[in-house]
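*Asks:* give me a model of this one.
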Amino acid sequence: MKAYLAIKGPAYRTLMAHLLPPDCHQEQAAFLFAHTQRELRKICFAVAGTKLLSPEDFTVQEGDYLAMADSTRVGLIKQAHDMAASLIEIHSHPGPWAAAFSLADREGLRETVPHMWWRLNRRPYLALVVARSGFDALVWADNPTAPQALDGLLVDGRTLIPTNASLWGWQ
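*Replies:* Down below sits the predicted model:
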């Protein structure tokens, strides 16, 4: 199945400015709320809302690690539930690294995604990590334990392609 994320240009630019501000050495994060549209062999996440996380939303915010506060997680789940939307988590790797999920990121996703599927009535889940060199993404469209690659990020007629580096390390 092909998988895409569609976001309008102004929202994308705001998101990237938040995630990768100049001279910032701490990871940043945001969540998107999206409605999914399925066709025969395609799923598209259409962004319906954005939540840019601030330092108060974390219990830990370092250059190589983030931990979200429980109250933040509860609020995000409630908002997604109220919107009948899927959640898309995005965080940054501000260092000189290639765009890929770290081992800690993958372990966190193994725990988080099944919980989100349960809490949000089996809605698909999407996770992205952005770096100055590009981005990577994993999609859980039909199974909370078996991710697939995102085929593209659609921004105002352009298709941005993820590195797809993290899918190799999933097993």
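*Asks:* just the helices in the protein please.
*Replies:* When secondary structure is read from DSSP state H, the chain shows helices at 9-19, 70-83, 103-119.
*Asks:* could I get those helices as TSV with mean neighbour count?
*Replies:* Placement of C-beta: from N, CA and C, glycine included. TSV is the format used below for those (neighbours: other CB atoms under 10 Å):
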stretch	mean neighbour count
helix 9-19	16
helix 70-83	15
helix 103-119	16
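*Asks:* of all these, which lies closest to residue 57?
*Replies:* helix 70-83 (4.2 Å; CB to CB).
*Asks:* tell me which other helices or strands the closest one touches.
*Replies:* Here helix 70-83 touches strand 29-39, strand 42-52, strand 86-92, helix 103-119, going by 3 or more CB pairs under 8 Å, 6 or more residues apart in numbering; DSSP states H and E.
*Asks:* ok, now with 7 Å
*Replies:* If you count contacts as 3 or more CB pairs under 7 Å, 6 or more residues apart in numbering; DSSP states H and E, helix 70-83 packs onto strand 29-39, strand 42-52.
*Asks:* relative to strand 86-92, how tilted is that helix?
*Replies:* Using axes from the mean of the first three to the mean of the last three CA atoms, to 10 degrees, the direction of helix 70-83 lies 140 degrees away from that of strand 86-92.
*Asks:* about what we covered before: now the helices and strands packed on helix 70-83 as CSV including mean neighbour count, mean pLDDT and distance to residue 149?
*Replies:* Compiled in CSV, these are given as follows (neighbours: other CB atoms under 10 Å; pLDDT from 0 to 100; distance: least, CB to CB, whole Å):
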stretch, mean neighbour count, mean pLDDT, distance to residue 149
strand 29-39, 18, 97, 16
strand 42-52, 18, 98, 12
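*Asks:* closest to residue 63 out of those strands?
*Replies:* Residue 63 sits nearest to strand 29-39 of all the helices and strands packed on helix 70-83, at 13.3 Å, using CB to CB.
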